[in-house]
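> Here is the input, now give the coordinates:
(one chain, ligands or ions: 1)
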Amino acid sequence: MPVSVPNGNDPIAVIADDPRHSVSGFTTEFIRELHNRQGVSLRDASLHDKFQATASAVRHYMVDEWLETKDKNAAAKQKTVGYLSAEYLLGPQLDNALLATDLTEIVEESLAQHGIDLAQVREQEVEPGLGNGGLGRLAACFIDSLATMDVPCIGYGIRYEYGIFRQTFVDGHQVEEADKWLALESPWEFVHPENAVQVNFAGHTETWTDETGRERTRWVPGWGVQGLPYNYLVPGYGTRRVNTLRLWGARANNQFDLKTFNQGDYVEAVRAQTFAENISKVLYPEDSTPQGKELRLQQQYFFVACSLRDFIENELEPGFDLHRLGERIIFQLNDTHPVIAVPELMRILIDEKGFEWDEAWEVTKSCFAYTCHTLLPEALEVWPTELLGRLLPRHMQIINLINVSFMAEVRATFPGDEERALRMSIVTEHPVQSVRMAHLATVAGSKVNGVAALHSQLLRDKVLPDFSALWPEKFTNVTNGVTPRRFVRQSNPGLSALVTSRIGGGWVKHLDQFDGLEPLADDAGFREEFRAVKAANKERLREVLHKRDGIDLPEGHLLDVMVKRLHEYKRQTLKLLHVVSLYEQVLSGKRKVEDLTPRTVVFGAKAAPGYRLAKDIIHLINSVAAVVNRDPRLEGRLGIAFPANYNVTLAEKLIPAADLSEQISLAGMEASGTGNMKFALNGALTIGTDDGANVEIRGLVGDDNFFLFGMDEPAAAALREQGYRPRSIYESDETLRATIDLIESGIFSGGRGGAFGSVTSALLDEDRFMAFADFASYLEAQEAVEAKYADQEAWTRSAILNVARTGYFSSDRSMRDYLDRIWHAGPVV
Ligand code: 26V
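This next block holds a predicted model:
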């Protein structure tokens with residue numbers, strides 16, 4: 001069967017006359033997998049068997065291209081992007097693979113012929129949740145874009161056995177469960193034990209004299225572990241390139257700990273092995289408060305050491321002159337988590353390859369660039385030298401040496417400015433002697449970038465001002481983006497079809513073509529179709545939430561969505577205060593219930609397990625939901641839905657259904673946000689502060705199509721400077737007071753007043769992120785939302801303009817910016 005090309009300008013590069021690329025061809029592959037991989041007949045196959053067989057059959061269609069890509073890379077000898085990231089939040093893989101291979105309809109038909117529903121098969125997939133949130137999801141978008149753009153890239157990371165915890169609610173409280181995503185095996189990985197890499201830890205260093213009389217250092221490690229590469233295919237869309245994501249799993253060394261073993265302590269020797277395997281056991285679920293945990297540092301060094309070794313030994317041709325390493329690789333440091341790669345490369349070059357210090361430093365600087373993803377000072381990683389020196393003694397020495405020459409450079413540039421030198425030092429003495437990883441990354445990186453225009457500016461001016469004074473040209477911005485394949489084409493088939501019917505399908509690879517939709521905002525017929533798509537997406541979400549969570553979304557409501565990690569700075573409490581204030585206004589008669597715009601607020605948020613206040617906020621949200629959702633006085637016009645365990649799978653259903661996107665962090669706190677981009681691209685309007693990429697979204701969609709509220713960053717900084725007193729706002733703002741008082745009354749806690757004291761007193765006494773200061777302005781903006789929503793034509797017009805004007809936020813554009821400004825690399829075709 002010849003294959004149609006549904007995607008317009010960019011025909012998918014599968015070979016359409018490949019006999020496998022047909023319903024019967026796929027059926028053959030599928031049955032073979034069912035028999036050979038699962039060992040079952042079609043008659044006896046479980047749904048899980050069918051999923052595994054489908055996935056591995058689909059993978060067949062990518063393997064040839066994957067192998068061919070390796071050959072192409074080897075022949076081209078061009079620069080590769082080595083994306084070093086401790087997290088990849090991939091989301092489900094089947095749909096993405098179907099899209100890349102253009103097999104969706106074929107598989108659907110093939111399975112249907114055997115009485116199997118592809119939709120049910122899809123539901124079997126457990127997503128690999130190998131990330132916490134934005135940073136990990138961004139990494140997944142970036143590798144998708146690079147493959148699509150034909151750029152050689154290897155994503156390097158960790159194959160955690162347990163990904164981000166599964167969140168459940170018990171009496172409204174968050175309870176974490178282990179994410180056993182590998183329990184039923186992943187059909188997407190290829191493990192290569194024969195390419196295992198040795199990684200060492202601890203021990204000591206010693207000096208020796210080589211045959212030329214030069215004094216050298218060597219590291220005599222105390223223990224080691226092997227890194228096993230697990231390869232995942234990263235297929236580009238509309239191209240034959242299939243890149244690699246290489247995740248490392250820890251495995252005990254083959255040799256037993258001989259000393260212990262020979263002492264007769266067999267059990268102890270085996271225990272030591274399992275100790276080593278703990279390294280890749282679990283993803284740390286904190287994403288803002290580094291706790292200096294030894295195991296986390298082990299994870300970081302483990303994956304970075306494996307990756308550098310792998311690239312140098314396996315990806316370069318034998319005999320390659322490492323003085324030219326920077327021509328062939330650029331390692332992008334995704335936040336500071338992989339920064340230990342800097343001294344590791346220095347160690348390899350000097351200790352193993354015999355480089356002089358200066359030569360090694362020149363090479364190293366050309367091989368790294370650093371992306372910072374935060375503005376919270378407490379999120380900047382710092383490792384005590386005691387720990388670093390014990391776990392990685394040679395690396396600690398090298399860091400000290402880097403710092404010595406760096407300090408000399410600072411003192412030479414700013415003579416007599418000892419304070420500045422202390423501020424900039426990689427090693428700080430306070431509160432305990434520690435290594436500041438962001439400083440090390442900045443010193444070593446050829447470039448340092450923030451992730452949105454405002455963030456990059458604040459990074460220069462506030463986080464690393466001394467460094468930007470020293471090296472202004474090092475600093476740059478690359479605004480984040482999201483992949484249109486997953487977050488529009490796959491997750492919003494209705495919108496995709498509608499858009500393609502008007503502007504063709506080229507947008508999937510060239511999202512700026514969305515600007516062709518601009519005139520359609522004034523086309524009443526198009527607006528009606530656009531609304532129908534949104535309505536269908538809401539219906540799909542209703543089904544999902546009913547089945548997944550037992551939540552029954554009301555029909556015809558404005559869907560107001562706030563999904564992201566739970567953090568004080570993101571201000572889920574501000575959203576909740578809005579809901580409680582609407583409730584209070586109805587209870588107190590200040591607002592007639594029929595004047596409420598029917599609205600459901602959807603929350604999705606995980607709290608770090610050790611973040612007490614964040615967990616209390618989750619409990620408060622659930623408690624308010626329990627009361628509000630049942631109060632007949634609201635006549636079903638206001639509700640809260642809080643499905644547990646928000647993840648990529650749910651995001652793909654939730655975002656296309658949303659009307660209103662909540663992006664309400666305190667200005668100057670959210671580095672970029674990427675959810676904000678996904679919502680806008682799917683036709684939700686944003687209510688947001690002047691923060692992160694919101695600034696750029698508003699700039700593009702225009703003030704008429706964005707609900708701005710709150711202080712901007714300078715105003716917030718000024719208020720903080722001046723002395724912020726939340727309690728006086730509480731005292732002077734009657735609406736706010738009534739809202740807080742209602743929470744404190746006990747109405748949401750079965751009459752027990754003070755049950756949410758931790759939350760209310762955090763707000764009244766400190767309100768670190770100034771929710772009270774923005775409260776009145778937020779409520780006003782919500783009034784504007786209601787007014788606009790009442791005029792469905794105006795609302796739809798704005799929604800269409802959001803889609804039409806946000807093509808800029810494709811991660812393909814982000815990749816182009818990295819390629820031009822930072823990596824100086826390009827495609828291999
Ligand atoms: C930090 C830490 C600190 C140590 C404990 C473990 C851990 C894990 C992750 C992180 C990174 C937090 C930074 C982060 O996720 N930033 C988010 O990055 C997004 C992509 O650039 C951006 O859109 C969000 O605004 C930003 O919060």
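
> What are the buried residues along the longest helix seen in the chain?
Secondary structure of the chain per DSSP state H: the longest helix is helix 47-76. Buried positions in helix 47-76, judged by neighbour count with 16 or more other C-beta atoms under 10 Å: 49-59, 61-62, 65-66, 69, 72-73. All C-beta spots, glycine's among them, are computed from the backbone N, C-alpha and C.

> unless I'm mixing things up, Arg548 is touching Tyr646, no?
No - counting by C-beta atoms under 8 Å, Arg548 does not reach Tyr646; the two are 11.0 Å apart.

> who's more crowded, the two?
The residue with more neighbours, out of Arg548 and Tyr646, is Tyr646; 21 against 15, by other C-beta atoms under 10 Å.

> Distance check, the closest residue to that one other than its chain neighbours against the ligand.
Counting by C-beta to C-beta, 6 or more residues apart in numbering, Gly604 is the residue found nearest to Tyr646 once chain neighbours are left out, at 2.9 Å. According to C-beta to the nearest ligand atom, to the nearest Å, Gly604 and the ligand sit 16 Å apart.

> List the contacts of Gly604.
Val561, Met562, Val563, Lys564, Phe642, Pro643, Tyr646, Leu650, Ala651, Leu654 (C-beta atoms under 8 Å, 6 or more residues apart in numbering).

> quick one, what contacts Ala536?
Gly494.

> so where does it fall, helix or strand?
helix 524-549 (DSSP states H and E).

> Distance from the chain centre to that helix, please.
Computed by C-alpha atoms, centre = their mean, to the nearest Å, the chain-centroid distance of helix 524-549 equals 26 Å.

> if we can go back for a sec, and the longest helix of the chain, average pLDDT?
For helix 47-76, mean pLDDT rounds to 97.

> Which secondary structure elements does that helix sit against?
Helices and strands touching helix 47-76, as assessed by 3 or more C-beta pairs under 8 Å, 6 or more residues apart in numbering; DSSP states H and E, comprise helix 23-33, helix 94-101, helix 104-113, helix 118-122, strand 223-235, strand 242-251.

> The same query, at a cut-off of 7 Å, please.
helix 23-33, helix 94-101, helix 118-122, strand 223-235, strand 242-251 (3 or more C-beta pairs under 7 Å, 6 or more residues apart in numbering; DSSP states H and E).

> Identify each buried residue in the longest one, please.
So the one you mean is strand 223-235. Gly224, Val225, Gln226, Gly227, Leu228, Pro229, Tyr230, Asn231, Tyr232, Leu233, Val234, Pro235.

> The second one touches Asn278, doesn't it?
Okay, so that is Val225. No - look at Val225 against Asn278 with C-beta atoms under 7 Å: they stay out of range, at 9.4 Å.

> Which of the helices or strands spans the spatially closest residue to Ser758 that is not a sequence neighbour?
The shortest distance from Ser758 to any non-neighbouring residue, by C-beta to C-beta, 6+ apart, is to Asp616 (4.7 Å). Using DSSP H and E, Asp616 maps to helix 612-628.

> hmm, back to that, just the pLDDT at the residue nearest to Tyr646, thanks.
Looking at Gly604, the pLDDT reads 98.

> right, and Asp310 touches Ala196 too?
No - counting by C-beta under 7 Å, Asp310 does not reach Ala196; the two are 10.2 Å apart.

> Around the ligand, pick out the residues from the stretch 251-400 of the chain.
Taking C-beta under 6 Å from any ligand atom as the measure of proximity, the stretch 251-400 of the chain contacts the ligand at Tyr284, Glu286, Asp287, Ser288, Pro290, Asp335, His373, Thr374, Ala379, Glu381.

> Output the set of residues of the stretch 51-200 of the chain in proximity to the ligand.
Checking the stretch 51-200 of the chain against the ligand by C-beta under 6 Å from any ligand atom, the hits are Asn132, Gly133, Gly134, Leu135, Leu138.

> try the stretch 651-800 of the chain
Glu670, Ala671, Ser672, Gly673, Thr674, Gly692.

> How about the first one: what's its closest non-neighbour residue?
So the one you mean is Glu670. Per C-beta to C-beta, 6+ apart, closest to Glu670 is Gly692, 4.0 Å.

> quick check, that neighbour in a strand?
No - assignment of Gly692 by DSSP: H, G, I helix; E, B strand; the rest coil gives coil, placing it outside any strand.

> What about it, how many residues nearby?
Counted by other C-beta under 10 Å, the residues lying close to Gly692 total 30.

> from what I can see it touches Ala671, true?
Yes - taking C-beta under 7 Å as the definition, Gly692 is a contact partner of Ala671 at 5.8 Å.

> circling back: looking only at pLDDT, what's the mean for whichever helix or strand comes after the longest helix of the chain?
The element immediately downstream of helix 47-76 (helix or strand, assigned by DSSP H and E) is strand 80-84. In this model, strand 80-84 has an average pLDDT of 99.

> how about strand 80-84 as CSV, C-alpha atoms only?
Taking only C-alpha atoms (Å, rounded to 0.1, in the frame of the first residue of the first chain), the coordinates of strand 80-84 have been written out as CSV:
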residue,chain,number,x,y,z
THR,A,80,28.6,16.7,17.6
VAL,A,81,26.5,18.2,20.4
GLY,A,82,27.0,16.3,23.6
TYR,A,83,24.1,17.3,25.7
LEU,A,84,24.9,16.5,29.3
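
> Touching the helix or strand following that strand from outside, list them.
Using DSSP H and E, the helix or strand that follows strand 80-84 in sequence is strand 88-89. Strand 88-89 has contacts (C-beta atoms under 7 Å, 6 or more residues apart in numbering) with Gly129, Leu130, Gly131, Gly136, Arg137, Ala139, Ala140, Gly155, Gly157, Leu245, Val648.

> Mind picking out the helix or strand in the chain with the poorest mean pLDDT?
Ranked by mean pLDDT, DSSP states H and E, the helix or strand of the chain with the weakest confidence is helix 258-262, at a mean of 66.

> Compute the inter-axis angle for the next helix-or-strand element following it and strand 242-251.
Helices and strands here follow DSSP H and E; after helix 258-262, the next one along the chain is helix 266-277. Calculated by axes from the mean of the first three to the mean of the last three C-alpha atoms, to 10 degrees, helix 266-277 forms an angle of 150 degrees with strand 242-251.

> What is the distance between helix 266-277 and the centre of its chain?
The chain centre lies 34 Å from the centre of helix 266-277; the measure is C-alpha atoms, centre = their mean.

> What are the boundaries of the strands in the stretch 351-500 of the chain?
368-371, 382-384, 427-428, 434-436, 448-450, 475-477 (DSSP state E, counting those that start in this stretch).

> Pull the distance from the second one to the chain's centre.
Here the centre of strand 382-384 is set off from its chain's centre by 24 Å, with C-alpha atoms, centre = their mean.

> May I have the strands that pair with it, each with its orientation?
strand 434-436 (antiparallel) (DSSP bridges).
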